[in-house]
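Participant: What follows is a predicted protein model with its sequence.
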Amino acid sequence: MSVNIAIIGGGIGGLATAIALLNSGFNVQVYEQAKALQPVGAGLTLSPNGLNSLDAIQPGIVKLLKQAGSQLNHLALKRSTGETIASKSMTLMQQYGQPMLNIQ
């Protein structure tokens, strides 16, 4: 029996899921409402778990992503006035084997 799978949304989650399912032999169709890819002025942040998941789907991709992005070593949350709300050193590499990665 052939299984057809529809994925609604062509973001990183939808596309990563589609690739994993295609690699497993499923028939996949991705639907995205945007007519074209356009810059939105935002970066992409990948968590250690996300990097591990992407590496499981496509071995070697994390190495390329690390070359394209920068590791987050310290996180500071601030109000619009500049006042610091919270500040924390990020030691995710030691805990999870991958860093938090920012790509612009």
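Facilitator: Nice, thanks for sending it over.

Participant: What is the helix or strand encompassing residue 63 packed up against?
Facilitator: Using DSSP states H and E, the element containing residue 63 is helix 61-68. With contacts taken as 3 or more Cβ pairs under 8 Å, 6 or more residues apart in numbering; DSSP states H and E, helix 61-68 sits against helix 48-57, strand 100-103. Quick note: C-beta positions are derived from backbone N, CA and C, even for glycine.

Participant: Mean neighbour count and mean pLDDT added to these, as TSV?
Facilitator: Converted to TSV, the helices and strands packed on helix 61-68 look like this (neighbours: other Cβ atoms under 10 Å; pLDDT from 0 to 100):
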stretch	mean neighbour count	mean pLDDT
helix 48-57	16	90
strand 100-103	16	91
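
Participant: Quick one: closest of these to residue 12.
Facilitator: The closest of these to residue 12 is helix 48-57. By Cβ to Cβ, the value is 8.0 Å.

Participant: Can you name every helix or strand that the closest one contacts?
Facilitator: Using 3+ Cβ pairs under 8 Å, 6+ apart: helix 48-57 touches helix 12-23, helix 61-68, helix 92-96.

Participant: Using CSV, lay out these together with mean neighbour count, distance to residue 84 and mean pLDDT.
Facilitator: Supplementary listing: these in CSV, determined by neighbours: other Cβ atoms under 10 Å; distance: least, Cβ to Cβ, whole Å; pLDDT from 0 to 100:
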stretch, mean neighbour count, distance to residue 84, mean pLDDT
helix 12-23, 15, 30, 90
helix 61-68, 13, 28, 94
helix 92-96, 12, 21, 83
